[in-house]
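Undergrad: How does the following fold in three dimensions:
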Amino acid sequence: TCLVRVTRAGNHSIHAQMVEIATAALDAPSLKPQLADKMTFGVIVGAVFFSCIGFFFWSLFSGLASAVVVVSALCIALCPCALVLSSQLIKKIAVGEAVSQGIIMRSIGMLEEVAKCTSLVVNKNGTLTVGKPSIASVDPVAGVATDELLRLAASLEAKSIHPYARCILERAGTLTEALFEVEELQEVSGLGIKGKIDDEECLIGDEKLMQAIDLGYHKVRAEDMRKQGYIVLFCARGGKLAGIIVLSDPIRRGVKESVKEFKRHGFQLFCLSGDRRITVVQLVNALGFDRFQAEAPAEQKIHTVKKLQKEGKMVLMIGDPAKDLPALCQANVGVALGTKGKLHQENAPISLLEGTLASALRLLNLGKATNRIMTQNLVLCALYTAVVLLLALSGALSPNQGAICMLASTVVIGFSSLRLQKSLS
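TA: Below you'll find the predicted structure:
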């Protein structure tokens, strides 16, 4: 007997969601395809206008037969097939390439905006770091056992969905079967968690949460660990420190290379984090970020984006849609990381199924390549229109030659658009 568990089926599958959103992206308005549509309309109007002028002068000076030949050649050669193809084909190729690389866009116009961005704002945890912290050490104070400290921490973190909570519960192991009963559990934004166990106030989190508690030697040790890039959580019970838990969240593989590439493209890099300043300084110095903001709560991120925009920056922000959605929507281009399976729940303009900085770099390369080739296609079409118009009106182009020119222009634009695939390979 074979049992199969279906988690999503039909229109609810991730593939169906990707197809639906990609189809909608093709229909969404964008600047250069709209420009191509206006140019197409202009070419049609121009063809009619110059055909009338050409017919009048050629029939006046060379007869009706010559006028018909000239007008036929002009109308055939100026058929705007290449101009229509220049935007539509590149749109389909760009969206196809994006989906194949796990980049889901609500609008094809976002690629044009990405190409204009000059500043990158990223959240530290989960973007620059692995986002799955592990416990490096558990240091209880004298008189408190290691298991007792872990049990206290696990009891307070049991209902939290924060990555720190998950690693503490994993380390606690079988201790989670006998957790303390916590009352008045409360999460303090950006600082930690507090609650009551046996009528004693218990705390876990940042040093700022331990205002009335003597931290003693552990305060110095915490400072030393932060200088090395570690994250330190303090635990207290009944007004006394129980110990510290040191967490390690290493830098993601490939982040340093991606940061160098963004800087090569002329980006100013800005790191946001809720961690202590000393920990963030160590990270941004190692990666080469230009600016950073430490101890920043989630609600402050949107103000940071607005500040950069007031400085004249075009902001590309990468973050967690669950926490950073207001800031992602405020940015010129907001990119939601790691949204696989939840595409319809996200409102960010762009979603990356692979939550890495490397995937954001692929988005940038796709945006720049699409913008560059689409612009080149429009320039080629404009030059072709001008040259063919002059040749046809001068009588140097026969209808057969006009048909060949029209066909050749379509083929050239088609191959020009296909360069997008090659440029990204």
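Undergrad: In the chain, what helix or strand scores lowest on average pLDDT?
TA: Of all helical and strand segments in the chain, the minimum by mean pLDDT, DSSP states H and E falls on helix 14-27, at a mean of 51.
Undergrad: Following element in sequence after it, please.
TA: Later in the chain than helix 14-27, the nearest helix or strand by DSSP states H and E is helix 31-61.
Undergrad: where do the strands sit along the stretch 251-400 of the chain?
TA: In the stretch 251-400 of the chain, the strands defined using DSSP state E, counting those that start in this stretch lie at 268-272, 291-293, 315-319, 333-337, 350-352.
Undergrad: Which residue lies nearest the spatial centre of this structure?
TA: Val335 (2.7 Å; CA atoms, centre = their mean).
Undergrad: In this structure it contacts Leu328, no?
TA: Yes. Using CB atoms under 8 Å, Val335 is in contact with Leu328, at 7.2 Å. For every residue, glycine as well, the C-beta is placed using N, CA and C.
Undergrad: which one's the longest helix in this protein?
TA: When the chain is parsed with DSSP state H, its longest helix is helix 357-393.
Undergrad: Kindly provide the whole-number mean pLDDT of that one.
TA: Mean per-residue pLDDT for helix 357-393: 88.
Undergrad: any idea of the angle it forms with helix 31-61?
TA: 10 degrees (axes from the mean of the first three to the mean of the last three CA atoms, to 10 degrees).
Undergrad: and the gap between the spatially closest residue to Lys194 that is not a sequence neighbour and Ala331?
TA: Nearest residue to Lys194, sequence neighbours excluded (CB to CB, 6 or more residues apart in numbering): Leu203, at 4.8 Å. Applying CB to CB, to the nearest Å, the value for Leu203 to Ala331 is 35 Å.
Undergrad: ok, those two, which is more surrounded?
TA: Neighbours were counted for Leu203 and for Ala331 using other CB atoms under 10 Å; Ala331 has more, 30 against 25.
Undergrad: Relative to Gly367, how far out is that one?
TA: 14 Å.
Undergrad: Please apply the same query to Phe49.
TA: The separation that Phe49 has from Gly367, given CB to CB, amounts to 37 Å.
Undergrad: And the strands in the stretch 51-200 of the chain, which stretches?
TA: Here the stretch 51-200 of the chain has its strands, by DSSP E, counting those that start in this stretch, at 103-105, 119-123, 134-140, 183-188, 192-197, 200-205.
Undergrad: buried sites along the third one?
TA: By 16 or more other CB atoms under 10 Å, the buried positions in strand 134-140 come out as Ile135, Ala136, Val138, Asp139, Pro140.
Undergrad: and the two most separated of these?
TA: Based on CB to CB, the longest span within the buried residues of strand 134-140 runs between Ala136 and Pro140 and measures 14.7 Å.
Undergrad: list the contacts for the residue nearest to Lys194?
TA: Shown in contact with Leu203 (CB atoms under 8 Å, 6 or more residues apart in numbering): Leu156, Gly192, Ile193, Lys194, Leu209, Met210, Ile213, Phe234, Cys235, Ala236, Arg237.
Undergrad: which one is His197 nearest to, not counting chain neighbours?
TA: For residue 197 the amino acid is Ile, not His. Phe180 (4.5 Å).
Undergrad: hang on, that neighbour packs against Leu150?
TA: No. Judged on CB under 8 Å, Phe180 makes no contact with Leu150 at a distance of 11.6 Å.
Undergrad: Who has more neighbours out of those two?
TA: Leu150 (23 against 18).
Undergrad: What residues does that one make contact with?
TA: Taking CB under 8 Å, 6+ apart as the test, what Leu150 contacts is Val138, Ile168, Arg171, Ala172, Leu175, Ile245.
Undergrad: What's the separation between the residue nearest to the centre of the chain and Ser62?
TA: According to CB to CB, Val335 and Ser62 sit 62 Å apart.
Undergrad: Kindly state the beta-bridge partners for Leu233.
TA: For Leu233, the beta-bridge assignment (DSSP bridges) gives partners Ile245.
Undergrad: Equivalent analysis for Ile103, please.
TA: Leu352.
Undergrad: and the gap between it and Val95?
TA: From Ile103 across to Val95, the span is 9 Å (CB to CB).
Undergrad: Ok, Glu181 next?
TA: In this structure, Glu181 and Val95 are 53 Å apart, going by CB to CB.
Undergrad: Likewise for Gly414?
TA: In terms of CB to CB, Gly414 sits 17 Å off from Val95.
Undergrad: Then Ala322?
TA: From Ala322 to Val95 the distance is 26 Å (CB to CB).
Undergrad: Same check on Ala236?
TA: Counting by CB to CB, the gap from Ala236 to Val95 is 53 Å.
Undergrad: What of Ser137?
TA: 48 Å.
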